[in-house]
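J.: Provided below are the primary sequence and the corresponding predicted coordinates.
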Amino acid sequence: PAEEISERFTAPQLMVLFGCAAAEAARVRLGPPAAAAGYSLGFYAAAFFARCVALEPILKWLERVNEVNACRFPPGACALASATGLSEGELNETFAAAGLRGLEVANVNSARQIVFAGPAAEVEAGRRALEGRALECRRLPLDVPLHTPYVEAAREAVTGWWGSVPASSPTLLLPSPVDGAPVGSGEAFKRHMLESLV
């Protein structure tokens, strides 16, 4: 993790900008696709690509969320790790048996590839508890527990403003990053953004 807050939170904006630019370049060369999809920062780019929202509000969303997270999570205080080979239930059972109540599931990338997050010391203890059980458990180069209840304060901080942001129904099939269901309207898109944050 970078030592300075500005460095810690520059990459997400660059990733969204790159995703949007790459998608637009593909549209120009190949024509419009049947669908746009993504998770986390990828969903932000997909929603822009599907014309749900302008780019400026997405970048402002990131700025506001990052401001809150920068205040709440000093560099290195939290951590994320990915575990391969165990289900979400098996992961939670292992953590409960080890008394690791501060760990939260962040991403379910597949049925047996799960990302978990929490205080850095507990993440390390969780990795030790999984030794010999998981096929692989590696620490990720992130130190903000995104997509967990830990970032509820960031969601609260953007909710009021986000409600006033203009949004349209997607022009392409846009699956929700929460449950995979098609996003049917601009208001539904905004709800899925808020829910996926935590």
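T.: That came through, no problem.
J.: Quick check: pLDDT value at the residue sitting nearest the centre point of the chain.
T.: Taking C-alpha atoms, centre = their mean, the centroid of the chain lies closest to residue 40, which sits 3.6 Å from it. Turning to residue 40, the model gives it a pLDDT of 91.
J.: Residue 131 versus that one, what's the distance?
T.: Residue 40 is 28 Å from residue 131, where distance means C-beta to C-beta, to the nearest Å. In short, each C-beta sits where N, CA and C put it, glycine included.
J.: do the same with residue 79
T.: For residue 79 relative to residue 131 (C-beta to C-beta), the value is 16 Å.
J.: what about these two, which has more around it?
T.: Taking neighbours as other C-beta atoms under 10 Å, residue 79 and residue 131 compare with residue 79 leading, 24 against 8.
J.: ok, now which ones touch the more buried one?
T.: Contacts for residue 79 (C-beta atoms under 8 Å, 6 or more residues apart in numbering) come out as 117, 118, 119, 120, 123, 124, 139, 140, 142, 143.
J.: Most neighbours among these, which one is it?
T.: residue 117 (28 neighbours).
J.: Quick one: distance of the helix or strand hosting that one to the chain centre.
T.: Per DSSP states H and E, residue 117 falls inside strand 113-119. Relative to the centre of its chain, strand 113-119 is centred 12 Å away, using C-alpha atoms, centre = their mean, to the nearest Å.
J.: now swap in stretch 15-24 and tell me
T.: Per C-alpha atoms, centre = their mean, the centroid offset for stretch 15-24 relative to its chain is 16 Å.
J.: Likewise for stretch 77-90?
T.: 15 Å.
J.: swap in stretch 40-52?
T.: 13 Å.
J.: now stretch 77-97
T.: Put simply, stretch 77-97 sits 17 Å off its chain's centre (C-alpha atoms, centre = their mean).
J.: end to end, how far does it reach?
T.: 23 Å (C-alpha to C-alpha, to the nearest Å).
J.: Buried ones in that stretch, by neighbour count?
T.: Across stretch 77-97, burial judged by 16 or more other C-beta atoms under 10 Å covers 78, 79, 80, 81, 82, 83, 86, 90, 91, 92, 94, 95.
J.: Where helices are concerned, which of those residues count?
T.: Within the buried residues of stretch 77-97, residues falling in helices by DSSP state H are 90, 91, 92, 94, 95.
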